[in-house]
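Asker: below are the sequence and a predicted model for it; my questions follow.
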Amino acid sequence: MAKAVTIFIWMLVSLFVLTLVTLPVSLSTHLVAAFCCMALLAVLKVCKAEGNWRLIGLGFGTAIVLRYVYWRTTNTLPPVNQLENFIPGFLLYLVEMYSVAMLALSLFLVSMPLPEKKKRTANTAYQPHVDVFVPTYNEDAQLLANTLAAAKNMDYPAEKLTIWLLDDGGTVQKRSVSDVPSAKAAERRYAELSKLAADLGVNYLTRERNEHAKAGNLNNGLKHSKGELVVVFDADHAPARDFLQETVGYFEEDPRLFLVQTPHFFLNPDPIERNLNTFGHMPSENEMFYGLIQRGLDKWNASFFCGSAAILRRQALEETDGFSGISITEDCETALALHSRGWNSVYVDKPLIAGLQPATFASFIGQRSRWAQGMMQILIFRLPIFKSGLTLAQRLCYMSSTLFWLFPFPRMMFLIAPLFYLFFDLEIFVGSGGEFFAYTMTYMLVNLLMQNYLYGRYRWPWISELYEYAHTIHLLPAVISVLLNPSKPTFKVTAKDESIAESRLSEIALPFFIIFAVLIAAMVMVVYRYYAEPAKADVTLVVGGWNLLNLIFAGCALGAVTERGDKSAARRVKVKRRCEFQVGETWYPAVIENVSVNGMLVHVYDKTLKPLATGGLEKIRVIPYSEGVPDTMSVNIVRSSKGEGESISLGCTFAPQSAMDHRLIADLMFVNSSQWSEFQMGRRKNPGLIRGTISFLGIALYQTGRGLYYFTRGFGTIRPKMPVVAAKAR
């Protein structure tokens with residue numbers, strides 16, 4: 001009975017909204033209603049309204065969006081008999097409807113996000129055996145040493161924890177290739193990593209052939225291990241000491257739980273935020289997904305496996321014969337298969353690993369192209385909307401996650417649409433300037449307000465659009481290729497061993513400058529047509545404003561693809577940890593101020609001590625948090641200066657003498673997961689729509705000039721860098 005009443009109420013509300021949306025009113029009346037809705041959203045945002053007030057505000061905003069959809073559908077399409085206008089006009093209409101559909105799916109996910117999940121810490125009564133998989137293909141041994149050492153340092157009974165280095169770079173196939181130099185390189189890698197694993201007390205495992213890429217490598221690990229739970233860390237994803245303590249406990253209460261996923265936190269900025277210089281004060285691109293979208297997916301039991309920083313139940317994986325490998329995004333595909341079999345997932349919104357992102361814009365785009373192609377393969381081969389076993393909510397969640405990667409099509413159409421009118425005099429959008437302002441402008445403003453209301457702490461205004469534009473130029477061909485031939489894409493490891501020693505243009509930046517030049521020419525056409533065709537001045541101004549917005553994004557992207565030189569090898573993290581520092585035969589009290597994967601800053605306290613000569617090899621002694629970790633390690637002094645009071649400040653690089661020394665480096669660098677949360681929360685500030693827009697315009701103006709300046713200097717080359725700061729492996 002209660003269900004029937006609920007359905008009846010929803011039908012009445014839907015009928016009322018439909019009537020409101022289709023009600024014929026004047027432009028002035030529509031404008032008044034739209035601005036009232038915007039005012040309501042602004043007030044609710046300022047008041048930080050939640051619960052039903054949040055839904056009311058979003059409901060009014062959605063009504064304005066639907067009125068735009070109704071007007072766009074019934075009044076703006078060109079006549080069918082004018083094919084030169086109708087075809088591009090209808091394509092523009094389709095991509096706009098796609099954008100509205102994605103807005104609806106996002107509202108479904110995050111309109112009422114879950115409260116913070118209750119912590120379920122593992123207890124001594126439930127400590128199942130855990131296998132840790134670290135898959136690798138061509139990552140450097142020193143990078144792997146830090147990740148394996150951090151895994152060894154995790155707070156969990158040693159007899160219940162087995163760590164596996166799954167090496168796909170030293171397979172029998174690779175060691176037997178006819179190319180002798182490649183075969184020798186694989187042999188050296190096999191020997192080096194075997195020794196590293198033995199020294200650290202972890203298991204080294206390779207296989208006969210490189211089949212099914214990462215999924216095949218993980219499945220090979222499943223065949224040789226027996227733990228009840230399986231943890232997966234990418235080669236550059238070093239876990240904090242409390243990773244298992246924060247995740248294992250969830251499996252105790254739910255026997256049908258197959259996954260606990262945690263966020264991917266990165267020590268270094270992605271290439272775009274490094275080039276724009278926004279890493280320290282603006283949320284990263286991935287924070288909206290891990291900080292908000294995954295929580296929304298979790299609300300509907302649809303949070304999916306992200307390839308790393310996760311723990312899975314072996315029993316569930318055995319039902320699907322291990323990790324799925326039809327697509328090149330084995331993680332999401334595996335989660336889809338298990339959700340459809342009635343298994344559950346949990347998302348823990350606390351960063352418990354620290355990883356590295358691609359170093360160059362080209363590598364970044366290569367990584368995102370693989371993600372886009374993999375999600376398209378899942379959409380085509382698995383078709384989540386019709387996948388049996390999923391709930392309706394789960395179907396919508398997976399459709400949202402896969403359909404998102406079609407964004408290059410609308411982004412490209414929005415970019416070129418004004419050019420049809422300015423260069424070819426095609427009318428692909430029927431309407432006056434007044435109608436455009438009354439409907440389109442209010443729709444855009446309401447959309448921006450709703451996004452800022454929902455995502456403001458995780459994504460600043462216009463940043464999503466900038467990232468989409470920067471991706472679109474190269475992702476569009478990748479998406480088209482997989483749609484034409486879904487089986488064609490193969491797994492490609494993200495390029496690494498790269499650095500940006502000096503600022504330069506990315507090697508794939510040229511298309512951005514060509515588009516920028518075309519948009520400049522289009523602005524010249526705006527001025528010409530405004531004076532040459534005064535009867536169409538209102539339409540010309542509207543189209544010119546649209547083109548100007550595209551020009552702002554294109555100009556900002558010039559800076560985004562201009563690689564900023566980065567002299568620092570890795571970001572330092574404040575630790576404030578007591579230690580002792582050896583000079584000669586004497587140990588002095590000291591404090592470690594900050595640390596990176598390469599070195600540290602130490603303050604040594606003794607008023608008789610003078611600044612030391614650089615280049616010297618000394619030792620540092622620390623009380624480790626984890627068992628089995630050595631307390632002493634050699635360091636090289638690269639900088640020495642007199643500090644305040646009785647101290648001297650020493651800049652040091654690590655000089656590990658054995659693989660075990662990496663356990664102390666990991667103990668210093670990755671032991672405390674709270675530092676990652678504090679860093680994230682420090683930049684999750686909502687500037688608001690107005691301040692955020694002003695900030696973006698300032699960034700765009702500066703980056704346009706910066707990009708044009710480096711364009712005059714030509715395109716640069718990639719330079720090798722130290723392997724410990726290699727880019728994200730997968």
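Answerer: Right, received. Where do you want to start?

Asker: who's in contact with residue 556?
Answerer: 276, 466, 696, 699, 700, 703, 704 (Cβ atoms under 8 Å, 6 or more residues apart in numbering). Just so you know, the C-beta spots here come from the backbone N, C-alpha and C atoms, and that holds for glycine as well.

Asker: now do 10 Å
Answerer: Neighbour list for residue 556: 272, 276, 462-463, 465-466, 469-470, 696-697, 699-704, 706-707 [criterion: Cβ atoms under 10 Å, 6 or more residues apart in numbering].

Asker: next one: residue 105
Answerer: For residue 105, the contact set (Cβ under 10 Å, 6+ apart) comprises 296, 396, 397, 399, 400, 401, 403, 404.

Asker: try it again with 8 Å
Answerer: Residue 105 makes contact with 396, 399, 400, 403 under the criterion Cβ under 8 Å, 6+ apart.

Asker: was I right to think the second one contacts residue 384?
Answerer: Yes - at 5.5 Å, residue 399 counts as touching residue 384 under the criterion of Cβ atoms under 8 Å.

Asker: could you report the neighbour count for residue 271?
Answerer: Neighbourhood size, residue 271 [other Cβ atoms under 10 Å]: 26.

Asker: mind listing what's buried along the lengthiest helix in the chain?
Answerer: Longest helix of the chain, by residue count under DSSP state H: helix 83-110. Neighbour-count burial for helix 83-110, counted by 16 or more other Cβ atoms under 10 Å, picks out 85-86, 88-89, 91-93, 95-96, 98-100, 102-103, 105-110.

Asker: cool, stretch 466-477 as well?
Answerer: Per 16+ other Cβ under 10 Å, stretch 466-477 contains these buried residues: 466, 467, 468, 469, 470, 471, 472, 473, 474, 475, 476.

Asker: which residues are contacting it?
Answerer: For stretch 466-477, the external contacting residues (Cβ under 8 Å, 6+ apart) are 272, 285, 365, 368-369, 372, 405, 407-409, 411-412, 415, 508, 511-512, 515, 553-554, 556-557, 560-561, 696.

Asker: just stretch 303-311 next, same as before
Answerer: Counting by Cβ under 8 Å, 6+ apart, 130, 214, 229-234, 237, 239, 244, 247-248, 251, 259-264, 294, 297, 312, 329-332, 334-336, 339, 345-347, 352-353, 355, 398, 401, 730 sit against stretch 303-311.

Asker: below-threshold pLDDT in this structure: ranges please.
Answerer: Within the chain, the segments meeting pLDDT under 70 span 1-10, 13-14, 17, 115, 117-118, 121-123, 491-499, 567-570, 714-730.

Asker: any idea how it splits into domains?
Answerer: As assigned by automatic domain parsing, the chain contains the domains 130-361, 573-679.

Asker: first-to-last residue distance for the longest one?
Answerer: It stands for domain 130-361. By Cα to Cα, to the nearest Å, the extent of domain 130-361 from end to end equals 37 Å.

Asker: quick one: distance of that domain to the chain centre.
Answerer: Chain-centre distance of domain 130-361: 16 Å, with Cα atoms, centre = their mean, to the nearest Å.

Asker: equivalent analysis for the shortest one, please.
Answerer: Average the C-alpha atoms of domain 573-679, do the same for its chain, and the two points are 32 Å apart (Cα atoms, centre = their mean).

Asker: spell out for me which residue occupies the centre of this protein.
Answerer: The residue lying closest to the centre of the chain (Cα atoms, centre = their mean) is residue 286, at 2.9 Å.

Asker: could you measure from that one over to residue 418?
Answerer: Per Cβ to Cβ, to the nearest Å, residue 286 is found 31 Å from residue 418.

Asker: what does residue 72 give?
Answerer: Separation of residue 72 from residue 418 (Cβ to Cβ): 17 Å.

Asker: the more surrounded of those two?
Answerer: Per other Cβ under 10 Å, whichever of residue 72 and residue 418 has more neighbours is residue 418, with 26 against 20.

Asker: can I assume that one sits in a helix?
Answerer: Yes - according to DSSP: H, G, I helix; E, B strand; the rest coil, residue 418 belongs to a helix.

Asker: what's around residue 454, how many residues?
Answerer: Residue 454 sits with 22 neighbouring residues when counted by other Cβ under 10 Å.
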